[in-house]
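*Asks:* Structure here, sequence nowhere to be found:
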């Protein structure tokens, strides 16, 4: 199973984590767009049709938020089940937005048509972010949403409707292509993150197995990590040591003060990043520090 496979548990966990970060905005935006269109539709179409469609869309977006909450906060189901539920919700949402073209869009009513087209364009553009990484689902959603609009405009005999259908068709191709490109970039970034984490874990295992004390510090000489040898050397647990300054931990007698001065000089000469976590002190002077 490749690292980028949707079946890879770590890959899937990171992908869904990114999607969930955009979930609140997606839910709010969908509800707002449906309510906005309903405001214009209720004066032009039977209330049961306008409110029925709006209720359908809002119910789907609320449900999407609920299943996201149950997955992320409550752990009610795993990644695979959540992906299936999310996929079903996205497909049903695409059908709902595609129904706008069949129920409400009439090229003979240019103002109402323009409002509907702009809303659909906004929803599909937002889907590039909210569904980023879900390659197949994003393509299915955009096709279900936009293709009925293209067909409706093409079938109309109103002047300019076929030209409009051509423009919307080009927009469909562009946004699907852009969505796939964004998804591929996201997959590559997640794969790099997984590989980096694997290398980091390997390095940590090597450091923990070292017979020498290894202490990781920031630019203020505060301990941010240490290996098992250093933990045994100081006689304190890792949780007790992290966050302390070195001079709180080292016993500065005449034999250890020289070593500590060397450490301080390393800190003074180090180049620290904006995260302040780049100074690592490897010392083979365990006996001198006791």
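*Replies:* On my side now, so go ahead. Note that the structure is a prediction, hence the values are computed from the model and not measured.
*Asks:* which ones are touching residue 100?
*Replies:* By CB atoms under 8 Å, 6 or more residues apart in numbering, residue 100 lies in contact with 37, 53, 116, 119-120, 148-149. Placement of C-beta: from N, CA and C, glycine included.
*Asks:* Ok, residue 51 next?
*Replies:* Listed by CB under 8 Å, 6+ apart, the contact set of residue 51 reads 38, 42.
*Asks:* Flag every buried residue along the helix or strand containing it.
*Replies:* Taking DSSP states H and E as the definition, one finds residue 51 inside helix 47-72. Under the neighbour-count criterion of 16 or more other CB atoms under 10 Å, helix 47-72 has 50, 53-54, 57-58, 60-61, 63-65, 67-68, 71 buried.
*Asks:* From those, pick the one nearest residue 154.
*Replies:* Here the nearest of the buried residues of helix 47-72 to residue 154, counting by CB to CB, is residue 53; it sits at 22.5 Å.
*Asks:* how near is that closest one to residue 102?
*Replies:* Relative to residue 102, residue 53 is positioned 10 Å away (CB to CB, to the nearest Å).
*Asks:* ok so, going back, make a markdown table out of the buried residues of helix 47-72 and add distance to residue 171.
*Replies:* Output for the buried residues of helix 47-72, formatted as a markdown table (distance: CB to CB, whole Å):
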| residue | distance to residue 171 |
| --- | --- |
| 50 | 26 |
| 53 | 23 |
| 54 | 24 |
| 57 | 21 |
| 58 | 26 |
| 60 | 23 |
| 61 | 23 |
| 63 | 28 |
| 64 | 25 |
| 65 | 28 |
| 67 | 30 |
| 68 | 28 |
| 71 | 33 |
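*Asks:* which element is the nearest residue to residue 193 once chain neighbours are set aside on?
*Replies:* In this structure, residue 193 finds its nearest non-sequential neighbour in residue 14, 6.4 Å apart by CB to CB, 6 or more residues apart in numbering. Element membership for residue 14 (DSSP H and E) is helix 9-41.
*Asks:* Over to residue 93?
*Replies:* helix 79-103.
*Asks:* List the buried residues of that helix.
*Replies:* Within helix 79-103, the residues that count as buried by 16+ other CB under 10 Å are 79, 82-83, 85-87, 89-90, 92-94, 96-101, 103.
*Asks:* And for stretch 13-32?
*Replies:* Buried residues in stretch 13-32 (16+ other CB under 10 Å): 14-16, 19-20, 23, 26-27, 29-31.
*Asks:* Let me know the closest of these to residue 216.
*Replies:* residue 14 (24.6 Å).
*Asks:* right, and the helix or strand after the helix or strand containing residue 192?
*Replies:* Per DSSP H and E: residue 192 is located in helix 161-209. Next along the chain after helix 161-209, taking DSSP H and E as the criterion, comes strand 213-217.
*Asks:* measure residue 92 to residue 39 for me?
*Replies:* 23 Å.
*Asks:* cool, residue 210 as well?
*Replies:* 67 Å.
*Asks:* pLDDT below threshold where in the chain?
*Replies:* 1-7, 250-290 (pLDDT under 70).
*Asks:* do that again at 50, thanks
*Replies:* 1-7, 252, 271-290 (pLDDT under 50).
*Asks:* still on that earlier bit, wait, isn't the residue nearest to residue 193 in contact with residue 195?
*Replies:* No - using CB atoms under 8 Å, residue 14 makes no contact with residue 195, being 12.0 Å away.
*Asks:* Residue 249 reaches residue 234, doesn't it?
*Replies:* Yes - if you go by CB under 8 Å, residue 249 and residue 234 touch, sitting 5.8 Å apart.
*Asks:* Mind listing the shared neighbours of the two?
*Replies:* The contact sets of residue 249 and residue 234 overlap at residue 241 (CB under 8 Å, 6+ apart).
*Asks:* Nice, that's everything, thank you.
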